[in-house]
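Asks: Provided below are the primary sequence and the corresponding predicted coordinates.
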Amino acid sequence: DTGVSQDPRHKITKRGQNVTFRCDPISEHNRLYWYRQTLGQGPEFLTYFQNEAQLEKSRLLSDRFSAERPKGSFSTLEIQRTEQGDSAMYLCASSLAHLVAGGPTYEQFFGPGTRLTVL
Amino acid sequence: KNEVEQSPQNLTAQEGEFITINCSYSVGISALHWLQQHPGGGIVSLFMLSTGKKKHGRLIATINIQEKHSSLHITASHPRDSAVYICAVSSQNSGGSNYKLTFGKGTLLTVNP
């Protein structure tokens, strides 16, 4: 296992279609994150899982978006009825705990991303 | 105002120059991260720090918790250093579990030969 992988790397779809992305984290990592990055901006948090439990969702994640991590390993992010505004890079990361002053924190390891273009 | 601000947004340097990228943040944090992103999207973690200074090769990261400020320095810059450098913070939440990252917009560095 050499790192976080994402599939597909690129997806072009027409407005209104559904798309699904997959993320395979580093095998021993129990935390998995999804981020979205639009051109010229830094990534924005979408949601995260600890094992199979989805613990937080950003308000950016409208009801057209759903994420799952059914067995606490790989995760999928589905976008229904895609809109042109959904065009972005979708990044997945997984984490390993580090103890620092003030409590545990988690260094995140990123996948290569899935670039979505909605026509 | 964004919670994480970086400057400059764009930076062009000649090979060999000393480079500094700055990051200021306005929230309580447990750690600050410097990340590198090459064209095509992949993000690599360079540093995670909560106090003081860290060095790795030609890269140096410093943080001043009182001033809520961090800097990333590159010594003897090289064209292969050309990339987007992103500052991100692990925020403290009420539950004390520090997880999601809040990112700056990034600094596009171009090093010319």
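Replies: Received, thanks.
Asks: what's the local residue count around residue 48?
Replies: This is for chain A. By other Cβ atoms under 10 Å in any protein chain shown, the residues close to A:Tyr48 number 27. For the C-beta atoms, the positions are set from N, CA and C on the backbone; glycine is no exception.
Asks: the intended chain is chain B.
Replies: B:Met48 is flanked by 21 other residues according to other Cβ under 10 Å.
Asks: ok, it touching B:Leu32?
Replies: Yes: look at B:Met48 against B:Leu32 with Cβ atoms under 8 Å: they come within range, at 7.4 Å.
Asks: list residues touching both of these two?
Replies: With contacts defined as Cβ atoms under 8 Å, 6 or more residues apart in numbering or on different chains, no residue is shared by B:Met48 and B:Leu32.
Asks: tell me where the model's unsure across chain B.
Replies: Chain B contains residues with pLDDT under 70 at B:1, B:92-98.
Asks: which single residue in it comes nearest to chain A?
Replies: Closest contact between chain B and chain A, by Cβ to the nearest Cβ, is at B:Phe103 (3.3 Å).
Asks: tell me what that residue is bridged to.
Replies: Note on B:Phe103: beta-bridge partners B:Ala88, judged by DSSP bridges.
Asks: ditto for A:Gln108
Replies: Counting by DSSP bridges, A:Gln108 is bridged to A:Ser95.
Asks: what is the burial count for A:Pro8?
Replies: Number of residues near A:Pro8 (other Cβ under 10 Å) recorded here: 13.
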